[in-house]
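*Asks:* Sharing a model that was predicted from the sequence below.
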Amino acid sequence: MNQVVDPGDTVIDATVGNGHDTVYLAKLVGSHGHVFGFDIQQRAIDNTAKALQAARLTPKVTLTLAGHETVGKLLTAEQPVKCAVFNLGYLPGGDKNIVTKPATTLSAVKTIQQHLVTNGVIILLLYAGHPGGQQEAQAVIDYVSRLDQHRFQVLRYHFINQINFPPDLIAIQKR
């Protein structure tokens with residue numbers, strides 16, 4: 001993220017969770033940038049708001065208690081996005097039955113792609129060790145595998161010597 005995001009950029013944390021990526025992104029965009037953060041759990045929004053307040057970064061962030069598939073409702077038609085981050089699965093320390101879903105994740109990715117600037121990236125961390133996780137990971141991999149290579153570069157970073165469904169990292173960069 002730090003190699004892509006510049007001060008003044010607009011970025012998205014599609015799954016704010018406990019706020020770590022949101023705080024990091026808010027620091028990267030500086031005083032003139034903005035972070036849009038999404039989560040379906042009030043606990044995640046509250047955790048992130050506390051982390052932002054502690055870091056004195058609250059004014060640069062819009063937190064939305066809604067799924068990432070609603071991202072298009074907050075972005076203006078011509079709003080450029082430099083980076084979006086997804087940590088798929090469930091809220092660490094939260095209810096493991098509340099998880100991200102393939103349909104909403106792919107909807108969000110497709111919407112963000114329309115706003116992504118040249119050299120902008122979408123980063124997806126695919127956790128597959130929970131019920132439904134393997135199906136979501138496969139749906140994302142299937143989708144990004146079909147992206148036009150002239151418009152997007154897609155990187156898959158995968159641990160091959162780990163047990164218990166290690167996460168995959170997918171990075172989509174717009175050309």
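*Replies:* That came in fine, so what should we check first? Numbering: from 1, shown residues only.

*Asks:* At which residues are the helices of the protein located?
*Replies:* 20-29, 42-54, 71-74, 102-115, 133-145 (DSSP state H).

*Asks:* Using a markdown table, lay out the ones you listed together with distance to D95 and mean neighbour count.
*Replies:* C-beta: built from backbone N, CA, C; applies to glycine. What follows is the helices of the chain, written out as a markdown table (distance: least, C-beta to C-beta, whole Å; neighbours: other C-beta atoms under 10 Å):
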| stretch | distance to D95 | mean neighbour count |
| --- | --- | --- |
| helix 20-29 | 19 | 22 |
| helix 42-54 | 9 | 17 |
| helix 71-74 | 23 | 15 |
| helix 102-115 | 17 | 18 |
| helix 133-145 | 15 | 17 |
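
*Asks:* Show me the one of those helices that comes nearest F36.
*Replies:* Ranking the helices of the chain by distance to F36, with C-beta to C-beta as the measure, places helix 71-74 first at 5.6 Å.

*Asks:* Send over the closest one as PDB, restricted to the C-alpha atoms.
*Replies:* Extracted as PDB, the C-alpha positions of helix 71-74 are listed here (Å, rounded to 0.1, in the frame of the first residue of the first chain):
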ATOM      1  CA  VAL A  71     -19.200   1.300  -2.100                       C
ATOM      2  CA  GLY A  72     -20.800   2.700  -5.200                       C
ATOM      3  CA  LYS A  73     -23.300   4.700  -3.200                       C
ATOM      4  CA  LEU A  74     -20.600   6.800  -1.600                       C
END
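
*Asks:* Just give me how far that helix sits from the chain centre.
*Replies:* Chain-centre distance of helix 71-74: 14 Å, with C-alpha atoms, centre = their mean, to the nearest Å.

*Asks:* Mind listing residues that contact it?
*Replies:* Helix 71-74 is contacted by residues I12, A14, F36, F38, T62, T64, A108, T111, I112 when judged by C-beta atoms under 8 Å, 6 or more residues apart in numbering.
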